[in-house]
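>>> Just a sequence and a predicted model for now, questions to come.
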Amino acid sequence: MVDALRGLAAFIIAGLATTASLGHLHLQAPQHATSQPVHVQAAVPTLDVIAGEFVSGVPAKPAVVIEIPTITDNPEPPPDEGTGSAAAPTYSVTARPRSSAPAPAVTIGSAQQAMINADRAGAGLPPLQWSSCLAGVAYSNAVRMASAGAISHAGGVQADFGCGLGSAQTGENVGWYSGGANDGVLNTMFMNSPEHRANIMGPYRYVGTAWKIAPNGAGYIAVEFG
């Protein structure tokens, strides 16, 4: 019996490790304004808490850049008069140097806001206005998560109140994607998660978002609502 349980535990752990490379979401439950906002710590993580990290999507394959060489026509000098024939032109191929600018390490104000507002419009809700203050909170959280190599919440909803937007409630969605910054993938993941969707459809007026690319190429996003 003990050996069987150990085998089952190993299987569960292996399954979690396999899905970890795809993408994850975390939800910060909406916080309501009080005279002194209090951050509620979660209990010691259990399997239920781990299972609550929503996994979806397949990393996008990197784009293949094909350089097309330029062709330069270099004909031979014209022959002397009287030869009666001209030499066929020769061609030299000059390869252009590869020039592809790296993706920006930090992106503030990506397409995530437009996608959120499109989702809200489909439900008959007003759009969320951009807040540079909330974007600053999102930036700090995205940088923190990319540095740690893991998604988590660290007082973002309390910092959102500090923006002074007059909001009675704040919220935060965070996630990461191994394929880098991909707003379409993360928006789909958020909308497919009832808890994250509730934040997108919540009674907010403002939003701020930011991506941070980690050294391994994974993209970390934070979305702050106020």
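Nice, I can see it.
>>> low-confidence ranges in this protein?
1-104 (pLDDT under 70).
>>> Where do the helices of it begin and end?
When secondary structure is read from DSSP state H, the chain shows helices at 2-19, 47-51, 112-122, 132-148, 156-161, 183-191, 194-200.
>>> V207 pairs with what?
W130, F225 (DSSP bridges).
>>> repeat for T107
Those that pair with T107 in a beta bridge, by DSSP bridges, are W211.
>>> so how many other residues sit close to it?
Applying other Cβ atoms under 10 Å, we find 21 residues neighbouring T107. For the C-beta atoms, the positions are set from N, CA and C on the backbone; glycine is no exception.
>>> Number the chain from 57, please
Fine by me, first position is 57 from now on; the one you just mentioned is T163.
>>> Contacts only, for it.
The contact partners of T163, by Cβ atoms under 8 Å, 6 or more residues apart in numbering, come to 237, 266-267.
>>> Neighbour-wise, give me the winner out of those residues.
Neighbour counts for those peak at W267, which has 28 neighbours (criterion: other Cβ under 10 Å).
>>> now the end-to-end length of stretch 224-244.
Distance across stretch 224-244, first residue to last, is 27 Å (Cα to Cα, to the nearest Å).
>>> If you count neighbours, what's buried in that stretch?
By neighbour count with 16 or more other Cβ atoms under 10 Å, stretch 224-244 contains the buried residues 225-239, 241-243.
>>> Can I get stretch 266-279 in PDB, CA atoms only?
Presented in PDB, the C-alpha positions along stretch 266-279 are these (Å, rounded to 0.1, in the frame of the first residue of the first chain):
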ATOM      1  CA  ALA A 266       2.300  45.600 -17.900                       C
ATOM      2  CA  TRP A 267       4.400  42.800 -19.200                       C
ATOM      3  CA  LYS A 268       8.000  41.800 -18.200                       C
ATOM      4  CA  ILE A 269      10.100  39.300 -20.200                       C
ATOM      5  CA  ALA A 270      12.200  37.100 -18.000                       C
ATOM      6  CA  PRO A 271      15.800  36.100 -19.000                       C
ATOM      7  CA  ASN A 272      14.400  32.700 -20.200                       C
ATOM      8  CA  GLY A 273      12.000  34.400 -22.600                       C
ATOM      9  CA  ALA A 274       8.800  33.800 -20.500                       C
ATOM     10  CA  GLY A 275       6.400  36.700 -20.300                       C
ATOM     11  CA  TYR A 276       4.900  37.800 -17.000                       C
ATOM     12  CA  ILE A 277       1.800  40.100 -17.000                       C
ATOM     13  CA  ALA A 278       0.000  42.000 -14.200                       C
ATOM     14  CA  VAL A 279      -3.400  43.600 -14.700                       C
END
